[in-house]
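**Student:** Return atomic coordinates for the entry below.
(2 chains)
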Protein chains: 2
Amino acid sequence: MTLTRRSLLAGTVAAGSAIGFAPSPLAAAPSSGDTVPFYGLHQAGIVTEQQRHTYFAAFDVIATQRNALIDMLRTWTDAAARLTAGQPILPLASSYDTKVALPDSGEVIGLTPARLTLTFGFGPELFVKDGNDRFGLADHRPDGLAPLPVFVGDKLIAGKTGGDLSVQACADDPQVAFHAIRQLARLATDAAQVRWVQAGFLSPPAAHGTPRNLMGFKDGTQTPSDLNRFVWAGSEAPRWLQGGTYVIARRIRIVLEHWDQMKIAFQEQTFGRQKLSGAPLGAKHEFDPLPLGATDKDGNTIIAENAHVRLANASTNDGAEILRRGYSYNDGVDFTTERWPPWRQGMEYDAGLLFVCYQRDPRTGFIRIFEKLSRFDMLNQFVTHTGGGLFACPGAPANGEYLGQRLLEA
Amino acid sequence: MTLTRRSLLAGTVAAGSAIGFAPSPLAAAPSSGDTVPFYGLHQAGIVTEQQRHTYFAAFDVIATQRNALIDMLRTWTDAAARLTAGQPILPLASSYDTKVALPDSGEVIGLTPARLTLTFGFGPELFVKDGNDRFGLADHRPDGLAPLPVFVGDKLIAGKTGGDLSVQACADDPQVAFHAIRQLARLATDAAQVRWVQAGFLSPPAAHGTPRNLMGFKDGTQTPSDLNRFVWAGSEAPRWLQGGTYVIARRIRIVLEHWDQMKIAFQEQTFGRQKLSGAPLGAKHEFDPLPLGATDKDGNTIIAENAHVRLANASTNDGAEILRRGYSYNDGVDFTTERWPPWRQGMEYDAGLLFVCYQRDPRTGFIRIFEKLSRFDMLNQFVTHTGGGLFACPGAPANGEYLGQRLLEA
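**Tutor:** Below you'll find the predicted structure:
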């Protein structure tokens, strides 16, 4: 745990000297403003001020022995602590002597930690898979960690859905976020392998404020009123999960080509907010309460009955609130044929929203809200959920603990 | 051309007022440090200090009439001038009255221009396609704008290769780069459509210097000694191309999983440079000249005969130099089966390098260099070229001209 970039450099110089290379200049130490603490009560990356990039990864555990899983979690814990502090996973020098201790791949040398956070979660099938208590954890699975229901309109791709473990890397630099997952994937070699990944980005406005999604609307205006009530698991949860939370990720493709054909007034009715200001329809400012009861001269509600903000609002969901932490994603273009007028063949964007939310219990959080949204939301005609997963995120390890220790040693 | 974000806002407020919305606060004007001039002698985005993100797009022209192509290029020119100045393509208000004049999709409202540049090019098939002089341009096709030869090892995917037009958007914000291409694609509706796109990113070190690619090596150390000699087309080119250049893009997948298994010493021999410092093997500092003749005690060259830097160097290519402007790309993971030891099934990264280079003539630039590299470079075992294209980039339009006017009115 005392390995630093200085060790890395020393290692390389030593190795280089053996075949005649010159010493290299030392990299600057990262400034503390670029570092988010790894250890603590809650895991970082949940209520941390959102970074500009994410690389979300789900892993399948391929180890069959509990001890192999524990060994990997120990290794990941050490690596995560180092990576988030801007250090390489191991000094490069060790790679010359062993096939096991691979060196850090090195593409972040010279970069700051860029506020890297790594947030880990456990999927339902880590506890029970096909009825099999794989690691003796079945008794510790919380009731909230059941497979998600099938929602109306779901078009989930198996290869982009589920997983035994999740790691959400967030950083202000995409190279730093990807680097972290790449190192963890390498360190997991014999115990886990990547199941799916999704990169995302977020572009906060220059003058502070709520970022816009690819539909051009401000996204993330509403945040939970009380983190202890809505985000952090409490005494209702098994001890290993207390201070933790549940993450739900959904890869949501948006049909940007069609959305862009809609008049602004229609877009605003769909969301229930003004596009430019983000104010609720019928209100003046972004953070004004939703005037859900306000009507026009014909007696129709100004915020439509199936507007997104109405259906997602706590007041129409028995008070349910979730903490959103989504990113836009942009995976290029795919071929499409559209058989309704105007008929066309050509490319469509595989772009949209990597929706990520954290909540104290999925049954009273995302599931409660999305059961209704998936059936009635006006937005549904423009979005398709194509992947994602549900994972329980334990509290952060204390220094000296490993991730999930309270579960695996419960 | 006088439309500004202020017009955009005014338009929306007017529209909003009709159904009772409140006025919105005005966005701040972009600061000039975030803006790269669009008009000039050369197109921006070629020798502009490289931005952190790119979104490279190739288009097929579907119009069959020369005038339709000209109309689109006029529209693109106006839009590009506005976008790079941080303005919307059109005021939102106009969308309420017409199906043609679509509004800006709006996701960059509140963002700076982020040094957006848009660099346009014309592909070989814009001039002659299947023997057909589509737009009466065949006589103006420069000899350098022929289809690229098939290189050893090419695995080009048709859907990710070629195109009649190229637009490379570069910006310090990925949302700004994508937004620009999205608007151009919408404005092109009946004249051109997207053929392929590729997003990329670049992470320059905190303390200035050469960025590292996903292999962990500094990339872009060598730049042309003389832009007029190696980058800008001169009197040998048709008049419309003088002051322009040729761009070649190659989507290069890197087998990161295997690269990461290699010892550092082997990686360094492959490149011919030290990983940490970027210095040539046998030299001390990154920018030292390559000691191509230096040998060890056994008489073997310190920089191997098939090392990347030796084969790519001007001195082994009759003095050929190109201006590289590549980005890393990261398109998630795909399923793979590896049938050599250690046998495995699982995911592999679809990540690597969006190699982009500019040169005065491709025959004495990339083609000259890559004919040899593609056969002998030690790096080849880790990289696969899967797409890309060649395009001739005219000089920048003068204010009042449209892109390619000197070609289309030659």
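**Student:** so A:C357 makes contact with A:E321?
**Tutor:** No. Using Cβ atoms under 8 Å, A:C357 is not in contact with A:E321, being 9.9 Å away. Placement of C-beta: from N, CA and C, glycine included.
**Student:** what sits in contact with each of these two?
**Tutor:** Residues touching both A:C357 and A:E321 (Cβ atoms under 8 Å, 6 or more residues apart in numbering or on different chains): A:G365.
**Student:** Need the single longest strand in chain A, by residues.
**Tutor:** In chain A, with assignment by DSSP state E, the single longest strand is strand A:344-359.
**Student:** Past that strand, which element shows up next along the chain?
**Tutor:** On the C-terminal side of strand A:344-359, the closest following helix or strand by DSSP states H and E is helix A:366-376.
**Student:** what angle do that following helix and strand A:344-359 make?
**Tutor:** Here helix A:366-376 runs at an angle of 150 degrees relative to strand A:344-359 (axes from the mean of the first three to the mean of the last three Cα atoms, to 10 degrees).
**Student:** can you pull the contacts of A:I254?
**Tutor:** By Cβ under 8 Å, 6+ apart, the contact set of A:I254 is A:L214, A:M215, A:A351, A:G352, A:L353, A:F382, A:V383.
**Student:** Report the beta-bridge partner residues of the closest residue to it other than its chain neighbours.
**Tutor:** Once flanking residues are discounted, A:I254 sits nearest to A:G352: 3.7 Å by Cβ to Cβ, 6 or more residues apart in numbering or on different chains. Counting by DSSP bridges, A:G352 is bridged to A:R253, A:Y329.
**Student:** And the strands in chain A?
**Tutor:** For chain A, applying DSSP E gives strands covering A:53-61, A:117-122, A:165-171, A:192-201, A:245-254, A:323-324, A:327-338, A:344-359, A:383-393.
**Student:** Output these as JSON lines; include the columns mean pLDDT.
**Tutor:** Output for those, formatted as JSON lines (pLDDT from 0 to 100):
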{"stretch": "strand A:53-61", "mean pLDDT": "98"}
{"stretch": "strand A:117-122", "mean pLDDT": "98"}
{"stretch": "strand A:165-171", "mean pLDDT": "98"}
{"stretch": "strand A:192-201", "mean pLDDT": "98"}
{"stretch": "strand A:245-254", "mean pLDDT": "98"}
{"stretch": "strand A:323-324", "mean pLDDT": "96"}
{"stretch": "strand A:327-338", "mean pLDDT": "94"}
{"stretch": "strand A:344-359", "mean pLDDT": "95"}
{"stretch": "strand A:383-393", "mean pLDDT": "98"}
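**Student:** Can you report how many residues lie near the closest residue to A:F366 other than its chain neighbours?
**Tutor:** Take A:F366 and drop its neighbours on the chain: the residue closest to it by Cβ to Cβ, 6+ apart is A:I248, 4.6 Å away. Counted with other Cβ atoms under 10 Å in any protein chain shown, residues neighbouring A:I248 total 21.
**Student:** surely A:K372 meets A:N317?
**Tutor:** Yes. The criterion here is Cβ under 8 Å, and A:K372 meets it with A:N317 at 7.0 Å.
**Student:** which stretches of chain A have low pLDDT?
**Tutor:** Applying pLDDT under 70 to chain A flags residues A:1-32, A:91-102.
**Student:** Which helix in it has the most residues?
**Tutor:** Taking DSSP state H as the criterion, chain A has its longest helix at helix A:66-84.
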